[in-house]
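Participant: Could you look at this predicted model? Sequence included:
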Amino acid sequence: MNCLFIWTLFAGLASGTRLLKRELNDYDLAKCNDGTPAAYFHDQDVRSAGSRVLIYLPDGGDCSSVEECNNRCAKGSSERTMCTSPEDSTLEKEEGFWSNNPNENPYADYFKVYIHYCSSGDFSGTRGASRSTGNLFFHGKHIITSTLQDLVARFGIDR
């Protein structure tokens with residue numbers, strides 16, 4: 001199995017990919033900052049799953065103090081979407097490595113996965129909610145681990 005992780009600031013947005021949401025409800029540690037279940041979005045065409053996989057880790061920034069994190073994750077904050085489970089059931093991505101045109105994109109035939117960023121710690125945290133974290137979860141590492149386990153179980157990407 002070839003698996004490519006892309007962690008970058010860009011993901012161009014016109015012949016693209018419609019991704020379907022998969023919540024990680026079955027994985028207790030896969031939590032967003034606010035405790036809602038983390039989620040990822042996956043390609044609709046599962047025929048290519050297990051062959052070649054592109055997993056995109058978006059950059060969502062972080063926070064460096066309890067006050068900053070609470071402000072970032074507060075209801076009404078413009079950054080709240082980066083602290084909670086996504087509401088939309090699909091995600092549209094276009095151009096660049098999301099394009100399905102093999103003449104434009106060497107990754108056109110890859111099974112594509114977009115891991116929703118909601119942990120404010122660059123997918124590295126393992127800290128649970130407590131008074132010292134402002135009652136926020138920082139489970140980015142668990143989100144990645146759970147996503148990979150789910151992709152193997154659901155789509156057999158380890159073949």
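Facilitator: Perfect, thanks for sending it.

Participant: Let me see the contact set for the spatially most central residue of the chain.
Facilitator: Nearest to the mean C-alpha position of the chain, counting by C-alpha atoms, centre = their mean, stands Ile115 at 1.3 Å. With contact set as C-beta atoms under 8 Å, 6 or more residues apart in numbering, Ile115 has these partners: Ala38, Tyr40, Ile55, Tyr56, Leu57, Pro58, Phe123, Ile143, Ile144, Thr147. Placement of C-beta: from N, CA and C, glycine included.

Participant: what do you get for Lys31?
Facilitator: Contact analysis of Lys31 by C-beta under 8 Å, 6+ apart lists Pro37, Ala38, Ser119, Phe137, His139, His142, Ile143.

Participant: moving C-terminal of the helix or strand of the chain with the lowest mean pLDDT, what's the next helix or strand?
Facilitator: Least confident element among the helices and strands of the chain, by mean pLDDT, DSSP states H and E: strand 2-8 (a mean of 52). From strand 2-8 onward toward the C-terminus, using DSSP states H and E, the following helix or strand is strand 17-23.

Participant: So which of the contacts of Ile115 are in helices?
Facilitator: Under the assignment DSSP state H, these contribute Ile143, Ile144, Thr147 to helices.

Participant: give me the number of residues near Asp122?
Facilitator: Asp122 has 15 neighbours, counted by other C-beta atoms under 10 Å.

Participant: for Asp26, same thing?
Facilitator: Residues near Asp26, counting by other C-beta under 10 Å, number 11.

Participant: pLDDT score for it?
Facilitator: Looking at Asp26, its pLDDT is 97.

Participant: what sits against it?
Facilitator: Asp150.

Participant: how about it, phi and psi?
Facilitator: For Asp26, the backbone dihedrals are phi -80, psi 0 (criterion: degrees, to the nearest 10).

Participant: From Ser146, how far off is it?
Facilitator: 8 Å (C-beta to C-beta, to the nearest Å).

Participant: cool, Asp28 as well?
Facilitator: For Asp28, the distance to Ser146 (C-beta to C-beta) stands at 9 Å.
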